[in-house]
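Chemist: Build the 3D model from these lines:
(one chain, ligands or ions: 1)
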Amino acid sequence: MSATDLPDSFVSARTLTPAADAVWFVFDGHRIVLTDDRTLPTGPALPMVDVVPLGTLDGTPVFAAGLDGDVPAGFASNPLRANFGTLSDAQMGVAGYAAQLVDFIRTHRYCGRCATPLLESGHERSRTCPKCGLTVYPRVAPVAMVLIRRGEGAATELLLARGPQFAPGMYSALAGFVEPSETLEQAAHREVREEVGVTITGLTYALSQPWPFPHSLMMGFDALYAGGKIVPQPGEIEDARWFPVTELPLVPPPFSIARQLIDLAVERALNGAVDGSGTPPDMA
Ligand SMILES: [Zn+2]
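Modeler: The predicted model follows:
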């Protein structure tokens, strides 16, 4: 698992009795509310709305909720993603789940078809309209992420890019939302073409990661450069260039899928090609 997956020690349950030792994931907007000691609140210690039973984590009941009103004394809120390393990986995994379910309730109070207040369906995590029967589900937005490489061994280069919103000096793999009716593969090829103007081959699925900021599912691919000159997409890509694996810039933190793709590519380059495919078939 990574710090954004549901951990194996978590068991989902839609009905739970709030116990005194229950752990609460409480959100003030997109900010999580922690005690002043930066731990998760236990027991119903805060004024709450939109309570969602989540299940158990290592046998302890866990709930999600929205904060009702202001953050009381003894507690503080901060953006969820600021808590990697403060909360455990397992707690972060459940926190991402909790954040998405609370946000789902907040943004789906009424039926989008007939405006009747929605109710819990009683199955899955969906909500249903009692008047017209429309059922809605928590949103998961698929994102195709592509790390492009060329060359072999220690001479391997990675195509990394940066968006205007990135931390100064940081570069990452390319990524974009999948559009309706696209396959993941089509989305990957389109994003690469749009964002940097090059073509790729040998697209290979590597790994996936839920990214609850706010509700993405990142699907990571490895790809080989096929041809074309880098042309950054105006407004989206501030800079894109080839970096030797031995001289990488600042890259995303280890808990991100982008970093895991980069680490895999570096490992492949420096410790021997995994599949000997450093050169694209159509350029060999
Ligand atoms: Zn309806």
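
Chemist: now do the same end-to-end measure for stretch 15-32.
Modeler: Terminal residues of stretch 15-32 are spaced 23 Å apart (C-alpha to C-alpha, to the nearest Å).

Chemist: Pull out the buried positions in it.
Modeler: Leu16, Ala22, Val23, Trp24, Phe25, Val26, Phe27, Asp28, Arg31, Ile32 (16 or more other C-beta atoms under 10 Å). For every residue, glycine as well, the C-beta is placed using N, CA and C.

Chemist: Go through these and flag which are in strands.
Modeler: Assigned to strands by DSSP state E, the following of the buried residues of stretch 15-32 qualify: Val23, Trp24, Phe25, Val26, Phe27, Asp28, Arg31, Ile32.

Chemist: Would you mind splitting the chain into its domains for me?
Modeler: 10-107, 109-138, 141-274 (automatic domain parsing).

Chemist: who touches the strand or helix carrying Glu185?
Modeler: Glu185 is part of helix 184-196, with elements assigned from DSSP states H and E. Contact with helix 184-196 is made by 142, 144, 146, 148, 159, 161, 174-179, 182, 198-200, 203, 205, 219, 221, 223, 230-233, 236-237, 240, as judged by C-beta atoms under 8 Å, 6 or more residues apart in numbering.

Chemist: filter the residues you listed to the buried ones?
Modeler: 144, 146, 148, 159, 161, 174-176, 178, 182, 198, 200, 203, 219, 221, 223, 230, 232-233, 236-237, 240.

Chemist: how about the helices of the stretch 151-284 of the chain, start to end?
Modeler: Ranges of helices in the stretch 151-284 of the chain, per DSSP state H, counting those that start in this stretch, are 184-196, 257-270.

Chemist: And the ones you listed: which comes nearest the ion?
Modeler: helix 184-196 (31.5 Å; C-beta to the ion).

Chemist: what comes up buried for the closest one?
Modeler: Buried-residue list, helix 184-196, by 16+ other C-beta under 10 Å: Leu184, Ala187, Ala188, His189, Glu191, Val192, Glu195, Val196.

Chemist: try stretch 100-108
Modeler: Quick answer for stretch 100-108 (16+ other C-beta under 10 Å): Gln100, Leu101, Val102, Asp103, Phe104, Ile105, His108.

Chemist: ok, the fourth one - contacts?
Modeler: Taking C-beta under 8 Å, 6+ apart, we find Asp103 in contact with Phe27, His30, Pro214, His215.

Chemist: Just confirm the second one contacts Ala82, I think it does.
Modeler: No: the pair His30 / Ala82 is not scored as a contact, 10.9 Å apart, by C-beta atoms under 8 Å.

Chemist: Show me the residue sitting in the middle of this structure in space.
Modeler: Relative to the mean C-alpha position of the chain, the nearest C-alpha, by C-alpha atoms, centre = their mean, is the one of Trp211, at 1.0 Å.

Chemist: Leaving out chain neighbours, which residue sits closest to that one?
Modeler: Met218 (4.9 Å; C-beta to C-beta, 6 or more residues apart in numbering).

Chemist: ok, what's across the strand from the one you found?
Modeler: Counting by DSSP bridges, Met218 forms beta bridges with Val143, Gln209.
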